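> mind folding the following:
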Amino acid sequence: MLTVAEGRQQGFFDASWCGGVVEPESFYGLLAEHGQRIVRDADFAPCYSENRGRPSIPPSHLAKILLLAYREGASDEQAMERVRFDLRWKVALGLPLDHPGYHATTLSRFRARLLLHGMERLALEGTIALAAELGLLEGQVEQIVDSTPMLGAAATQDTVRLVRGGVKKLIDAVAGADPQAGGRLARGLAFGYARPRQKPECDWRSKPARERMLTEVATDAERALRAVEGEDELMGADEVAEAHRLLREIVGQDFCVDEDDVPRLRRGVAPGRILSLVDPEMRHGRKSSATAFDGYKIHAAGPAAQPLISAVEVGPGGEHDGRHAPALIDQQPEPLRPERILGDTAYGDQTTREALAERGVDVLAPVPEPAPREGRLPKSAFAVDLRAATVTCPAEQVAPIPTHAQRSGERVVRFAGAVCAACPLKARCCPGPAGRQVRLLRREDLAQAGRAALAEPGPREHLRRTRPRLERLLGLLARRYHARQSRYFGRRKALLQAAWSAALVNLHPIGAALRAQGAR
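Model (predicted):
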């Protein structure tokens, strides 16, 4: 039952009079009864000065409003309207019925404080601490890791608009540092940049005309870049240097400069290509061979035994999933870190296994194997004995593993050409004149252990049954709590949204545990 805080006199306009209208088992009832255990004013102390400034809105109030807004997919303006008019929100926040609410910009300033002080994950960390307090994380030894796409908030721009927008940004930066230099730079260019989104006149349906115009646009950008590069004083200004770097990257990703210093359009799409000047951090991504998107990926880890999300990271859409697994481990308190993670093939690669082995974490995931050429014997057909330092081929020929490694850390095992020439498997193994070569990974032992683990029916079945549990939580995060679409520009703001939405996912089992605790 919703009650007035102990020691406080109940007022005529107290929303707690309406406690019977709002179900105690609802999310609003959970915030009203236990909100102070999820977010506390003391948690936000680094964001505020203790002795300076005017009295502020309690940050725990703003944190709860942010949770409510993410839960219902409300904008800042809609959220503040509900604070003013929605009875359920007033009960959840403990506000009187006649409370007028706050201005919408209060939330944007609050998020800015969180970002400034590196507290994007504060609500998520609060729910994890509360889950541990309630005993939901006792005996945790395994976590599942996975990812889900997060669409970017910015529109994807084509090459012409990207380059022209980059030139405009450089002109504005130069003008900000030196107005006269900005004017000279603009007058020295072939095109006008007052409206960078407007394309120059061209028959864009004609491929030769289109490529000529693209070359002219890139040449004008090169002209702007080189004009600025000749001015050391301008390049010393941070905004100019950043605009120069961004334009140089945009031109470099879509054009290459020939021997006559003329930019020519590259064929294909450069990896890590910038898609938008509004949000230069979003990237092309691919969740599967059939699913492409533009934006970010939410990477998450959660205990295998509980429907909780214990860590969240957000990265560009095109980055490899396994790259973020170490960060998911590092952001968790030492007592809650797992002994083993479960994942798909994206987490079973050599680099991920090495990084996690350094942290004392084992990996249960399929080892990615390079696809062999059609009709050729794969590496898996060779028996690698690391103890004996030998490799045995399918024809029972043995070659020693060299002690010397290449710069990459790999070791190359070479079978003698004369031995392979007389082998009946030569056509399928190494058709050329030389003998077969087998490349061993820097930590081949980790790959062998990964293959051996999944060769057993028990671990293989355990992985098959357990891994989808986190997929369901990520579906809840993306669809019910609106994290499929980023509300903001930039990776860190997207991370804030993902982490606070993950806190909402965690409040399901936490709420059930609190209700069970209250019933005893």
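
> okay, and the beta partners of the residue nearest in space to the middle of the chain?
Nearest to the mean C-alpha position of the chain, by C-alpha atoms, centre = their mean, lies residue 314 at 1.9 Å. When bridges are called by DSSP bridges, residue 314 pairs up with residue 298.

> from what I can see it touches residue 299, true?
Yes - counting by C-beta atoms under 8 Å, residue 299 is a contact partner of residue 314 at 7.1 Å. Backbone N, C-alpha and C define where each C-beta goes, glycine included.

> contacts for stretch 30-45 next, please.
By C-beta atoms under 8 Å, 6 or more residues apart in numbering, the surrounding residues in contact with stretch 30-45 are 2, 16, 19, 22, 24, 58-60, 63-64, 67-68, 91-94, 113, 119, 122-123, 126-127, 130, 503, 507, 511, 514.

> residues making contact with the helix or strand bottoming out on mean pLDDT in the chain?
Among the helices and strands of the chain, strand 263-265 carries the lowest confidence by mean pLDDT, DSSP states H and E, at a mean of 81. Strand 263-265 is contacted from outside by 159, 211, 214-215, 218-219, 221-222, 251, 254-258, using C-beta under 8 Å, 6+ apart.

> if any of those are buried, put those into a ChimeraX selection.
Filtering the contacts of strand 263-265 down to the buried ones (16 or more other C-beta atoms under 10 Å) takes a single ChimeraX command:
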select :159,214,215,218,219,221,222,251,254,255
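
> quick one: mean pLDDT for stretch 389-397?
Mean pLDDT, stretch 389-397: 93.

> next, the distance between the ends of that stretch.
Its start and end residues considered, stretch 389-397 measures 14 Å (C-alpha to C-alpha, to the nearest Å).

> by contact count, what packs against the one helix or strand residue 219 maps to?
In the assignment (DSSP states H and E), residue 219 maps to helix 207-229. Counting contacts by 3 or more C-beta pairs under 8 Å, 6 or more residues apart in numbering; DSSP states H and E, helix 207-229 packs against helix 159-177, helix 179-187, helix 232-235, helix 238-254, strand 255-257, strand 263-265.

> what about the fifth one, distance to the chain center?
Same thing as strand 255-257. Distance, stretch centre to chain centre, for strand 255-257: 30 Å (C-alpha atoms, centre = their mean, to the nearest Å).

> which residues touch it?
214, 215, 218, 222, 263, 264, 265, 266.

> ok so, going back, list the contacts of the helix holding residue 219.
Helix 207-229 has contacts (C-beta under 8 Å, 6+ apart) with 159-160, 163-164, 166-167, 170-171, 174, 185, 188-191, 200, 202-204, 234-235, 240, 244, 247-248, 250-251, 254-255, 257, 261-265.

> could you give the angle of it to helix 159-177?
Between helix 207-229 and helix 159-177, the angle comes out at 20 degrees (axes from the mean of the first three to the mean of the last three C-alpha atoms, to 10 degrees).

> circling back: list buried residues within the contacts of stretch 30-45.
By 16+ other C-beta under 10 Å, the contacts of stretch 30-45 give 2, 16, 19, 22, 59-60, 63-64, 67-68, 91-94, 113, 119, 122-123, 126-127, 130, 503, 507, 511, 514 as buried.

> now the longest helix seen in the chain: buried residues?
Secondary structure of the chain per DSSP state H: the longest helix is helix 491-519. For helix 491-519, a neighbour-count test (16+ other C-beta under 10 Å) marks 491, 493-507, 509-511, 513-514 as buried.

> okay, and for the stretch 201-350 of the chain, where does confidence drop off?
In the predicted model of the stretch 201-350 of the chain, residues 259-260 satisfy pLDDT under 70.

> could you list the domains of this structure?
As assigned by automatic domain parsing, the chain contains the domains 15-119, 159-265.

> so where do the strands sit in the stretch 351-500 of the chain?
Along the stretch 351-500 of the chain, counting by DSSP state E, counting those that start in this stretch, strands occupy 362-364, 383-385, 390-392, 398-400, 411-414, 437-440.

> does residue 147 fall in a helix, a strand, or a coil region?
strand (DSSP: H, G, I helix; E, B strand; the rest coil).

> scratch that, residue 194 is what I was asking about
Using three-state DSSP, the structure places residue 194 in coil.

> can you report phi and psi for it?
When quoted as degrees, to the nearest 10, the phi and psi of residue 194 stand at phi -70, psi -30.

> burial check on it, number of neighbours?
Other residues lying near residue 194 total 8 when counted by other C-beta atoms under 10 Å.

> and it, what's its pLDDT?
pLDDT, read off for residue 194, is 91.

> do the same with residue 16
For residue 16, the model assigns a pLDDT of 56.

> residue 128 too?
The score at residue 128 is 95. That number is its pLDDT.

> thought residue 308 was touching it, still the case?
Yes - under the criterion of C-beta under 8 Å, residue 128 makes contact with residue 308 at 7.4 Å.

> quick one: common contacting residues for these two?
Contact criterion C-beta under 8 Å, 6+ apart; residues shared by residue 128 and residue 308: 137, 506.

> for stretch 476-491, what is the average pLDDT?
Here stretch 476-491 scores 95 as its mean pLDDT.

> between the two ends of it, how far is it?
Start-to-end span of stretch 476-491 (C-alpha to C-alpha) is 21 Å.

> and stretch 309-318, how far out from the chain's middle?
Using C-alpha atoms, centre = their mean, the offset of stretch 309-318 from its chain centre is 3 Å.

> how about that stretch as CSV, C-alpha atoms only?
What follows is stretch 309-318, C-alpha atoms only, in CSV (Å, rounded to 0.1, in the frame of the first residue of the first chain):
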residue,chain,number,x,y,z
ILE,A,309,21.1,-6.9,-17.7
SER,A,310,24.3,-6.3,-15.8
ALA,A,311,26.4,-4.3,-18.3
VAL,A,312,25.7,-2.2,-21.4
GLU,A,313,28.0,-0.7,-24.1
VAL,A,314,27.1,1.2,-27.3
GLY,A,315,29.4,1.2,-30.3
PRO,A,316,29.3,2.1,-34.0
GLY,A,317,27.0,-0.2,-36.1
GLY,A,318,29.9,-1.7,-38.1
